[in-house]
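> Fold the following, please.
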Amino acid sequence: MNPHPLKVALLQMRASTEVAVNIAAVQLGFQQAARDNAALLVTPEMTSALDRRPGALLAKAHTQEDDPSLKIFCNLARQYQMDVLIGSMAIQVEAKRLANRSFFISKEGLVVAHYDKIHLFDVNLGEGERYQESARFVAGQEAVLVKGADYALGMTVCYDLRFPQLYHDLALAGADILAVPSAFTVPTGQAHWHTLLRARAIETGCFVLAPAQHGQHEDGRTTYGHSLVVNPWGEVIAEKPEGTGVLMAELDLSQVQQARHKLPSLQHTRPYQLKTIEI
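Numbers count the residues shown, from 1 in each chain. Now for the predicted structure:
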């Protein structure tokens with residue numbers, strides 16, 4: 001691992017329904033991150049388009065091989081010599097079905113990994129706010145860890161945050177950074193966002209990077225924002241509560257082993273059986 005701090009940039013967006021608008025926002029994010037010498041840029045969930053109108057995302061979607069946005073993001077990574085995690089994009093995988101797919105692109109401009117969101121957001125929050133992600137998206141089946149020379153990053157997306165076993169498994173596989181690109185709703189964000197992100201960091205001894213969507217979107221939804229960087233001890237070391245733009249942080253990855261040495265809970269994981277007693 002690199003003994004020097006890892007400079008990371010989190011892009012907070014207010015994604016449009018128009019792909020071109022969002023590509024321009026990502027390009028600006030690269031420019032801002034490059035000025036601060038970031039080695040890694042991380043963008044939110046649904047970077048290329050946020051649109052919950054029936055059929056709208058499917059009409060805009062492409063296969064991974066043909067997606068023009070992905071090609072542009074690869075070119076930007078190569079141009080700026082910066083690794084980038086595109087939080088997620090809607091990628092066509094069946095005739096009428098999509099994947100909520102996250103991409104890790106190397107500074108050489110190559111897609112070295114992709115991850116399909118495993119846990120789909122099917123909820124009824126009340127007062128007319130309902131989501132049924134499974135109506136449009138196919139759930140992923142595989143967790144993904146990207147191991148590089150300087151860091152190992154576990155890929156997750158938004159609602160995955162509520163399933164701690166995924167993060168536990170990524171940490172056991174060697175992750176020292178966990179990415180949680182998101183488009184959290186305001187009610188769930190206010191209630192749970194900070195608590196869940198800090199919990200995942202504490203449980204795993206990892207840094208957590210959580211770039212978010214924020215504000216009133218063209219499709220009618222409102223997202224919570226509050227992009228966060230959490231250290232392995234569960235402390236918030238950087239936060240962007242609202243607006244758009246880049247949040248910078250420096251990660252001292254030696255803190256991962258320090259935290260795990262103090263609290264070696266990952267080493268203490270034990271198998272067990274569950275017994276139910278009926279009375």
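
> distance of residue 49 from residue 172?
Look at residue 49 and residue 172: by Cβ to Cβ, to the nearest Å, they are 35 Å apart. To be clear about C-beta, it is placed using only N, CA and C from the backbone, and glycine gets the same treatment.

> Residue 216 now?
Separation of residue 216 from residue 172 (Cβ to Cβ) stands at 40 Å.

> Look at the two and report which has more neighbours.
Neighbours were counted for residue 216 and for residue 172 using other Cβ atoms under 10 Å; residue 172 has more, 13 against 10.

> Was I right to think that one contacts residue 267?
No - Residue 172 is beyond contact range of residue 267, at 9.6 Å (criterion: Cβ atoms under 8 Å).

> Got phi/psi on the closest residue to residue 176 other than its chain neighbours?
Among residues not flanking residue 176 along the chain, residue 256 sits closest, at 4.3 Å (Cβ to Cβ, 6 or more residues apart in numbering). Phi and psi for residue 256, reported as degrees, to the nearest 10, are phi -60, psi -50.

> Kindly report the same for residue 95.
Taking degrees, to the nearest 10, you get phi -60, psi -40 for the backbone angles of residue 95.

> neighbours around it, how many?
In terms of burial, residue 95 registers 6 neighbours under the definition other Cβ under 10 Å.

> and the gap between it and residue 138?
When residue 95 is compared with residue 138 (using Cβ to Cβ), they lie 12 Å apart.

> got a list of what the residue lying closest to residue 207 once chain neighbours are set aside touches?
Nearest non-adjacent residue to residue 207, counting by Cβ to Cβ, 6+ apart: residue 177, 4.8 Å away. Taking Cβ atoms under 8 Å, 6 or more residues apart in numbering, we find residue 177 in contact with 151, 152, 153, 154, 206, 207, 208, 209, 251, 253.

> Going by distance to residue 143, which of these wins?
In terms of Cβ to Cβ, no member of the contacts of residue 177 lies closer to residue 143 than residue 154, at 7.4 Å.

> hang on, that closest one is in a strand, isn't it?
Yes - Residue 154 forms part of a strand when assessed by DSSP: H, G, I helix; E, B strand; the rest coil.

> give me the number of residues near it?
By other Cβ under 10 Å, the residues close to residue 154 number 27.

> Residue 121 versus that one, what's the distance?
Between residue 154 and residue 121 the distance is 19 Å, computed by Cβ to Cβ.

> What of residue 76?
To residue 121, residue 76 is 28 Å away according to Cβ to Cβ.
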